[in-house]
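# next one to model:
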Amino acid sequence: MAHVSDLIASDIEQYLRSHEHKQILRFITCGSVDDGKSTLIGRLLYESKVLFEDQLAAVEADSRKWGTQADSIDFALLVDGLAAEREQGITIDVAYRFFSTDKRKFIVADTPGHEQYTRNMVTGASTADVAVLLVDARKGVLTQTRRHSYLVSLLGIRHVIVAINKMDLMEYSEKTFRTIVADYQEFADSIGLKDMTFIPMSAFKGDNIIEQSPQMPWYRGTTLMGYLETVEIDEQRLQKGPLRMPVQWVNRPDQGFRGFAGTIVGGRVKPGDRIRVQPSGRESTVARIVTMDGDLDSGVAGQSVTLTLTDEIDISRGDLISTAQAPAGVADQFEATIVWMHDEALLPGRGYLLKVGARTVSASVMEIKHQVNVNTMEHMAAKTLGLNAIGVCTVSLDQPIGFDPYTDNRDTGGFILIDRMTNNTVGAGLLHFALRRSHNIHMQHVDVTRDARGAMKGQKPCVLWFTGLSGAGKSTIANAVEQKLHAMGRHTYLLDGDNVRHGLNKDLGFTDADRVENIRRVAEVSRLMVDAGLIVLTAFISPFRSERRMARTLLGDGEFIEIFVDTPLDVAEERDPKGLYKKARRGDLKNFTGIDSPYEVPEQPELRLVTPFVAPEAAADQVIELLRRLGRIG
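Below you'll find the model as predicted:
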């Protein structure tokens with residue numbers, strides 16, 4: 001059974017070649033706390049004879065110190081690497097292990113069972129071909145069992161082993177096994193799980209892991225290892241589908257060669273095949289399939305290749321090469337399921353970076369349709385998504401991308417969300433389908449441009465974005481600036497925070513989510529006004545850097561001018577022209593910036609006005625001088 005082969009002694013090079021070309025199966029183990037996931041993986045490692053003598057000695061010593069199996073080896077300690085895991089006897093982080101047999105190589109991810117580590121499980125499951133879902137024979141199907149089954153179904157893992165573990169503690173009862181199978185089958189049908197294999201086992205004693213157990217003569221199905229060695233790998237399924245290859249690199253070592261490098265994530269390709277590049281829609285024909293070892297007659301899913309084409313067409317990193325006969329979809333608005341992975345909640349309207357394949361675009365979640373209670377499968381209304389929450393959302397991008405539904409291809413239908421400020425990965429998502437409006441709504445070309453409108457007014461349009469605490473003097477200074485510009489004959493419009501909330505944004509409150517939406521709407525209106533050739537002044541607290549940055553990205557270079565009205569909190573609170581600080585201190589006004597809601601100071605504003613030391617009139621003069629210096633006015 002073990003991967004140790006006679007070839008090692010007789011022909012090591014032949015052994016290494018055969019080992020190199022074995023298929024790799026990736027699988028996860030998941031289940032409730034203390035179902036035996038780590039013990040099962042430890043048993044597989046032990047039985048596959050991939051452990052060195054010093055590792056065995058170490059785990060024997062650890063078993064005496066941390067073990068839960070009396071005098072026997074605690075196989076879980078081969079996997080539970082964190083001190084906290086060993087002390088508590090649980091899995092916290094995703095633990096990856098590699099082992100092999102004569103037939104295949106395996107990468108197994110031991111994923112945590114606790115609800116607060118949902119993001120860890122999603123990470124481990126994102127590349128898995130098979131899920132081994134453990135059920136404690138003593139406890140049967142639990143809430144966590146259902147939750148993990150839902151996540152397995154959500155993430156598109158097509159093959160599920162329901163490993164009914166600890167059968168030794170139930171005296172290898174066939175009745176216990178049949179009862180659990182019936183209970184689980186009923187639930188699996190409700191969430192759409194189809195390819196399931198039920199195996200009674202004891203990870204601790206090795207029953208039905210490698211060989212058929214004599215303790216359960218009533219079971220005549222496959223062993224765990226027998227299944228893992230023969231089940232179809234997702235890569236094999238994808239090879240039967242349409243060609244998909246995200247371009248990772250444009251390979252141009254000299255003027256005589258131009259190729260497009262990437263990993264084929266779906267289908268097959270051969271010279272002479274007609275391809276389409278997305279999202280541009282341009283078509284060409286494959287000329288060569290180039291690799292380090294020479295040209296190939298064909299390439300299949302899982303191979304990394306460089307394609308050359310018969311035509312010189314524009315292709316960049318992040319584009320998707322598809323077969324022309326069955327191209328991927330192209331859209332910029334989608335319905336998607338998002339798993340949120342960050343302590344700071346997802347806020348609709350906030351700008352993020354979305355990465356699908358090798359392409360990175362700007363994105364925002366426009367609406368959370370519902371949040372899924374992963375314990376009960378109930379759909380719940382939600383305005384935000386917190387850590388480990390899962391929601392069905394509408395997502396809007398700043399440009400179209402090539403894609404497939406996640407259920408068809410995980411590589412072209414899965415994405416991550418990245419925080420613009422920190423570059424941290426904050427969420428993972430699964431594309432369902434393009435929204436119909438993304439195909440029906442198109443930008444209408446107009447002949448009169450913003451530059452033409454601005455030239456007619458004798459100015460270069462821009463946005464003066466005043467930001468700062470309540471009471472800092474934003475509106476006062478912005479009003480003074482507009483008066484000066486008006487006296488100079490300039491065309492302006494002032495958007496004030498309080499005024500806008502009487503009309504355009506009267507439906508919004510002051511939660512973080514509503515503040516984000518407030519600024520998103522103002523930024524879009526400002527963009528339209530800049531397009532009209534105006535100098536736009538906005539006076540809003542706009543407390544979050546992400547939204548100010550989003551507003552900046554909507555405009556062209558030099559058109560967004562951030563002005564930080566810098567006033568210490570104690571000074572602003574002392575002024576308190578509207579009495580808002582007093583209400584906030586009394587607890588009558590919730591989510592008030594500076595008191596119980598944060599203000600994120602601008603990092604690199606175009607102008608900083610320290611108002612305790614600068615009078616409004618002098619501050620306005622500084623803004624006018626800045627406009628002249630930047631060439632926005634003469």
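# which stretches in the stretch 451-600 of the chain count as helices?
Counting by DSSP state H, counting those that start in this stretch, the stretch 451-600 of the chain has these helices, from start to end: 474-487, 497-500, 512-531, 545-554, 569-575, 580-586.
# what's in contact with the second one?
Which is helix 497-500. Lys474, Ser475, Asn518, Arg521, Val522, Ala539, Phe540, Ile541 (CB atoms under 8 Å, 6 or more residues apart in numbering). Backbone N, C-alpha and C define where each C-beta goes, glycine included.
# how many residues are close by Thr492?
For Thr492, the neighbour count with other CB atoms under 10 Å is 21.
# likewise for the one 4 residues further on?
Using other CB under 10 Å as the criterion, Asp496 is surrounded by 17 other residues.
# which stretches of this protein have low pLDDT?
The model of the chain has pLDDT under 70 over residues 1-21, 50-93, 113-117, 437-444.
# rerun at 50
Applying pLDDT under 50 to the chain picks out residues 1-3, 81-92.
# just the terminal-to-terminal distance for stretch 571-584.
In stretch 571-584, first residue to last residue: 16 Å (CA to CA, to the nearest Å).
# give me the buried positions along it.
Under the neighbour-count criterion of 16 or more other CB atoms under 10 Å, stretch 571-584 has Ala572, Glu573, Arg575, Leu580, Tyr581, Ala584 buried.
# sticking with the closest residue to Ser190 other than its chain neighbours, tell me its helix or strand.
Using CB to CB, 6 or more residues apart in numbering and skipping residues adjacent in sequence, the residue nearest Ser190 is Met377, 7.6 Å away. Under DSSP states H and E, no helix or strand contains Met377.
# count the residues that sit near Met377.
13.
# cool, Asp273 as well?
Neighbour tally, Asp273, other CB under 10 Å: 19.
# sorry, back to before: can you list the buried residues of stretch 571-584 in a markdown table and add distance to Asn424?
A markdown table is the format used below for the buried residues of stretch 571-584 (distance: CB to CB, whole Å):
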| residue | distance to Asn424 |
| --- | --- |
| Ala572 | 31 |
| Glu573 | 33 |
| Arg575 | 37 |
| Leu580 | 33 |
| Tyr581 | 33 |
| Ala584 | 30 |
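# quick one: which of those residues is nearest Gln215?
The nearest member of the buried residues of stretch 571-584 to Gln215, counting by CB to CB, is Ala584 at 68.2 Å.
# got the contact list for the closest residue to Leu630 other than its chain neighbours?
In this structure, Leu630 finds its nearest non-sequential neighbour in Gly558, 6.4 Å apart by CB to CB, 6+ apart. Each residue near Gly558 by CB under 8 Å, 6+ apart is listed here: Cys462, Leu630, Arg632.
# pretty sure Ser184 contacts His148?
For the record, residue 184 is Tyr, not Ser. No - using CB atoms under 8 Å as the test, Tyr184 is too far from His148 to be in contact (11.5 Å).
# hey, C-alpha coordinates of stretch 416-427 in PDB?
Provided in PDB are the C-alpha atoms of stretch 416-427 (Å, rounded to 0.1, in the frame of the first residue of the first chain):
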ATOM      1  CA  ILE A 416     -11.200  37.400  -3.800                       C
ATOM      2  CA  LEU A 417     -11.900  40.900  -2.500                       C
ATOM      3  CA  ILE A 418      -8.900  43.000  -1.400                       C
ATOM      4  CA  ASP A 419      -8.900  46.100   0.800                       C
ATOM      5  CA  ARG A 420      -7.600  49.000  -1.200                       C
ATOM      6  CA  MET A 421      -5.800  50.600   1.800                       C
ATOM      7  CA  THR A 422      -4.100  47.600   3.400                       C
ATOM      8  CA  ASN A 423      -4.000  45.100   0.500                       C
ATOM      9  CA  ASN A 424      -5.400  42.400   2.800                       C
ATOM     10  CA  THR A 425      -7.700  39.800   1.400                       C
ATOM     11  CA  VAL A 426     -11.000  40.500   3.100                       C
ATOM     12  CA  GLY A 427     -13.400  38.200   1.300                       C
END
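# pull the distance from that stretch to the chain's centre.
Distance of stretch 416-427 from the chain centroid (CA atoms, centre = their mean, to the nearest Å) equals 8 Å.
# mind listing what's buried in that stretch?
Using 16+ other CB under 10 Å as the test for burial, stretch 416-427 gives Ile416, Leu417, Ile418, Asp419, Arg420, Thr425, Val426, Gly427.
# neighbour count winner among Tyr184 and His148?
Remark: of Tyr184 and His148, His148 carries more neighbours, 26 against 23, as counted by other CB under 10 Å.
# what about Glu186, how many neighbours?
The tally of other residues near Glu186 (other CB under 10 Å) stands at 10.
# what two of the buried residues of stretch 571-584 are the furthest from one another?
Arg575 and Ala584 (14.0 Å).
# surely the residue nearest to Ser190 meets Tyr150?
Yes - with contacts counted by CB under 8 Å, Met377 reaches Tyr150, the gap being 6.4 Å.
# what residues are shared contacts of the two?
Both Met377 and Tyr150 are in contact with Ile191, where contact means CB under 8 Å, 6+ apart.
# ok, now which ones touch the closest residue to Ile561 other than its chain neighbours?
In this structure, Ile561 finds its nearest non-sequential neighbour in Glu606, 4.7 Å apart by CB to CB, 6+ apart. Going by CB under 8 Å, 6+ apart, Glu606 touches Ile561, Glu562, Ile563, Leu626, Leu630.
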